[in-house]
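S.K.: Let me see the structure of the following:
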Amino acid sequence: MNIMDIGRICVKTYGREAGRKCIIVERDDDDNYVIITGPKSLTGVRRRRCNIRHLEPTRKVIEIDEGIDDETLLDVLESEGLTEFMREHVRIRV
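M.R.: Got it, this is the predicted structure:
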């Protein structure tokens, strides 16, 4: 199991979304990139391609299908009781 597998909850460490949590929803063809989402309505992180160097993985992993849409992902997060955890911002040290 790779630490950057689908369903891994991560914290963005760079960019305007630094300190916000996101979830890996797809692996990209390039080994250094993944597709992430917040979803935007929950965390403010929109679905996008992201370099894995800009992510800090957490210990939390959820069981999701690859390429899951944001509405279904919101339902999964709610059923797992992770909506408040996802809303929390993390302070990034530079």
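S.K.: Which stretches in this protein count as helices?
M.R.: 40-43, 70-80, 83-87 (DSSP state H).
S.K.: which of those sits most buried?
M.R.: helix 40-43 (a mean of 16; mean count of other Cβ atoms under 10 Å). Using the backbone N, CA and C atoms, a C-beta is placed for each residue, glycine as well.
S.K.: Contacts for it, please.
M.R.: Taking contacts as Cβ atoms under 8 Å, 6 or more residues apart in numbering, the residues outside helix 40-43 that touch it are 20-22, 46-47, 70, 74, 77, 83, 86-87.
S.K.: again, 10 Å this time
M.R.: Outside helix 40-43, the residues within contact range by Cβ atoms under 10 Å, 6 or more residues apart in numbering are 12, 17, 20-23, 37, 46-48, 70-71, 73-74, 77-78, 82-83, 86-89.
S.K.: Repeat that for stretch 57-64.
M.R.: Residues outside stretch 57-64 that contact it (Cβ under 10 Å, 6+ apart): 1, 3-11, 21, 23-25, 68, 72-73, 76-77, 79-80, 82, 85-86, 90.
S.K.: switch the cut-off to 8 Å
M.R.: Counting by Cβ under 8 Å, 6+ apart, residues outside stretch 57-64 touching it are 3-11, 21, 23, 25, 73, 76-77, 80, 82, 85.
S.K.: and if you look at stretch 7-26?
M.R.: Counting by Cβ under 8 Å, 6+ apart, 4-6, 34-38, 43-45, 47, 50, 54-58, 60-64, 66-68, 73, 82, 85-86, 88-92 sit against stretch 7-26.
S.K.: for stretch 28-38, same thing?
M.R.: 4, 10, 12, 20-27, 44-53, 55, 67, 70, 73, 86.
S.K.: of the residues you listed, buried ones?
M.R.: With burial judged by 16 or more other Cβ atoms under 10 Å, the buried subset of these is 10, 12, 20-25, 27, 44-45, 47, 50, 52, 55, 70, 73, 86.
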